[in-house]
Structure formats: structure tokens, C-alpha cells
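Participant: Any chance you can model this:
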Amino acid sequence: MLELQRPDTLVERVVGAIRAEIDSGRLAAEARLPTEQQLAEQLNVSRSVVREAVAQLKADGVLIARRGLGSYISQTPHGTVFRFPGSNGRKPDLVQMFEMRLWIETQAAAIAARRRDAGDLSNIAAALEQMLDPRNDLAAAAAADVAFHRAIAEASKNDYFVAFHDFLGSQLATARQRAWENSASPAVGGPADANREHQALYQAIADGDRHAAASCAEAHLRASAKRLKIELPELN
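Facilitator: This is a model prediction of the structure:
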């Protein structure tokens with residue numbers, strides 16, 4: 001019997017309950033999922049809630065639909081889509097997200113410093129130029145910030161870094177806009193600090209200095225977090 005365990009939104013709870021059945025082995029790959037009505041009765045939720053949860057699991061690659069037969073567990077029962085865990089329906093935790101960026105982006109910068117080519121440096125420099133252009137508004141500067149970090153991920157020559165950057169970028173769009181608004185505030189001296197951090201990171205990568213690149217990436221991320229009033233833990 002399926003049981004609800006967590007006090008999250010109803011849809012998240014149904015998703016969690018189905019995933020728990022898969023993790024336990026009670027619902028194996030290729031197994032047929034109970035019907036919408038059966039799930040609604042077992043979990044004491046409406047059919048519309050079940051329908052939304054099933055749609056999410058299909059989008060994540062956990063379930064597949066077979067016309068006229070219902071929903072089945074896919075051959076990749078843990079899914080093919082990465083999601084950040086939610087908490088009571090809230091957005092992902094920015095502190096944990098920045099901490100994860102700290103671990104990943106410092107390594108991406110270090111690798112980029114070793115593997116970058118002329119094209120990569122040109123792309124990073126072009127994004128940097130856009131950030132520094134005083135004619136651009138905050139939205140354009142934030143978009144250039146995304147392009148700058150994506151170009152660094154591309155310079156690592158690791159497609160997984162790029163894919164993860166793109167996923168993370170969608171999660172951090174609002175935070176990046178806030179960071180640029182905060183950095184542009186006269187109270188913190190305008191965007192000069194953020195600009196210097198990006199310039200230093202570009203130069204370290206251009207110099208091929210992986211240790212300096214990692215150090216500059218870490219310094220930039222810590223400063224960016226601090227502009228959002230987030231204090232990050234030490235890596236060591």
C-alpha cells in the first residue's frame with residue numbers, strides 16, 4: 001500500500017510516494033502503474049492531483065504512456081531529468097545552490113584554463129565586454145553574466161558542465177538579476193567590484209593558470225553570494 005510521508009504540496013507528495021515505491025522495488029521497470037482512480041483512493045487525494053503528479057513523472061522520464069494500456073514504469077525508473085528538491089513547495093534554497101556552484105564552477109574554471117582555445121577566449125571576452133558596456137541596462141548585464149559563465153563552461157570541453165550550467169541558469173535567473181541590481185546600487189559602490197571579479201577570472205583563464213582561475217572563480221562566487229546577503233561555508 002502506498003503511503004504519503006512528507007508534508008509537501010499534494011502533487012510533490014504523490015510524486016514522492018510513487019518514487020518511493022520504485023526505489024523499494026515494489027514498482028519495477030516495465031511494471032504497470034496503478035490506475036489514476038486507484039492511486040487517488042490509496043493516497044486520499046483527488047484524481048487531478050494524481051494526474052499532475054503522473055504528468056511530472058512522465059516529463060522526468062520516470063513513467064511512459066502506452067496507448068490504451070495506461071502508465072508504466074520506464075526502463076530508466078529514476079528518470080532522465082534533474083530537479084532540485086523542493087521544500088513545502090518553496091523554490092530551491094539559494095544557500096545550498098550557491099554552495100554547489102562553488103564546488104562545481106571553481107573546477108570548471110580550472111579546467112577551462114587548461115583546455116581553452118582562441119575561440120573560447122573570444123567568447124568569454126565578448127560576454128565580458130557586454131557586461132562592462134555602460135549603455136546596457138541591468139537585464140542585459142545579467143544576460144551577459146550568464147553568457148560569460150556559459151562560455152567558461154564550454155571552454156572546459158565537458159558537455160556535462162555546459163548542460164548543468166544551462167539547468168542552473170534557469171534556476172538562478174531571478175537571483176542573478178537581484179545580484180546585478182544589488183551590485184549597481186550606489187550603497188555598494190556600483191558594479192565595479194563585480195566587473196573586477198569577472199576581469200580577473202577571464203585573465204586567469206587567458207593566462208592558462210588553473211590555480212588562479214579556481215581562486216578567482218571562488219572569490220567571485222563568494223562575493224556574488226555576499227551581495228545577496230548569503231554567507232558561504234569554507235571549502236576546506
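Participant: Can you tell me what sits against the helix or strand where W103 lies?
Facilitator: Assessed by DSSP states H and E, W103 sits inside helix 94-115. With C-beta atoms under 8 Å, 6 or more residues apart in numbering as the test, helix 94-115 has contacts from 84, 120, 149, 152-153, 155-158, 161, 164-165, 168, 171-172, 175, 201, 204-205, 207-214, 216-218, 221-222, 224-225, 228, 230, 232-233, 235. No exception for glycine: its C-beta is placed from N, CA and C like everyone else's.
Participant: Now, these that are in strands?
Facilitator: Using DSSP state E, no member of the contacts of helix 94-115 sits in strands.
Participant: Buried members of those into ChimeraX, please.
Facilitator: Here is the ChimeraX command that selects the buried residues among the contacts of helix 94-115 (16 or more other C-beta atoms under 10 Å):
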select :120,149,152,153,155,156,158,161,164,165,168,172,175,201,204,205,209,210,212,213,214,216,217,218,221,222,224,225,230,232
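Participant: who's in contact with L168?
Facilitator: L168 sits next to M97, R101 when contact means C-beta under 8 Å, 6+ apart.
Participant: how does this protein divide into domains?
Facilitator: As recorded under automatic domain parsing, the domains making up the chain are 10-73, 94-227.
Participant: which one in this protein is furthest away from the centre?
Facilitator: Going by C-alpha atoms, centre = their mean, the residue of the chain most distant from its centre is G68, 36.1 Å out.
Participant: model confidence over stretch 229-236, on average?
Facilitator: In this model, stretch 229-236 has an average pLDDT of 80.
Participant: Run through who's touching that stretch.
Facilitator: With C-beta under 8 Å, 6+ apart as the test, stretch 229-236 has contacts from L94, V95, F98, E99, L102, W103, T106, E218, L221, R222, A225.
Participant: One more pass at 10 Å, please.
Facilitator: Stretch 229-236 is contacted from outside by 94-95, 97-99, 101-103, 106, 175, 179, 182, 214, 218, 221-226, using C-beta atoms under 10 Å, 6 or more residues apart in numbering.
Participant: And for stretch 17-26?
Facilitator: Identification of contacts with stretch 17-26 by C-beta under 10 Å, 6+ apart yields 1-6, 27-29, 31, 33-34, 39, 42-43, 45, 50, 53-54, 56-57, 60, 62-63, 71, 73-74, 77-79.
Participant: Out of those residues, which sit inside strands?
Facilitator: Using DSSP E, L63, S71, I73 are the members of the contacts of stretch 17-26 that sit in strands.
Participant: Redo those as CSV? Include distance to I111.
Facilitator: Formatted as CSV, the ones in strands among the contacts of stretch 17-26 follow (distance: C-beta to C-beta, whole Å):
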residue, distance to I111
L63, 36
S71, 41
I73, 37
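Participant: which of these has the most neighbours?
Facilitator: In terms of neighbours by other C-beta atoms under 10 Å, these top out with L63 at 23 neighbours.
Participant: That residue contacts L57, correct?
Facilitator: Yes - with contact defined as C-beta atoms under 10 Å, L63 counts as touching L57 (4.5 Å).
Participant: quick one: common contacting residues for those two?
Facilitator: Common contact partners of L63 and L57 (C-beta under 10 Å, 6+ apart): I18, I22, L33, S71, I73, S74, P77, G79.
Participant: residues in contact with the fifth one?
Facilitator: In this case it means I73. The contact partners of I73, by C-beta under 10 Å, 6+ apart, come to 18, 21-22, 27-33, 57, 62-64.
Participant: Next up, phi/psi of the nearest residue to it once chain neighbours are set aside, please.
Facilitator: Leaving aside its chain neighbours, I73 sits nearest to A31 (4.9 Å; criterion: C-beta to C-beta, 6 or more residues apart in numbering). Dihedral pair for A31: phi -70, psi 150, per degrees, to the nearest 10.
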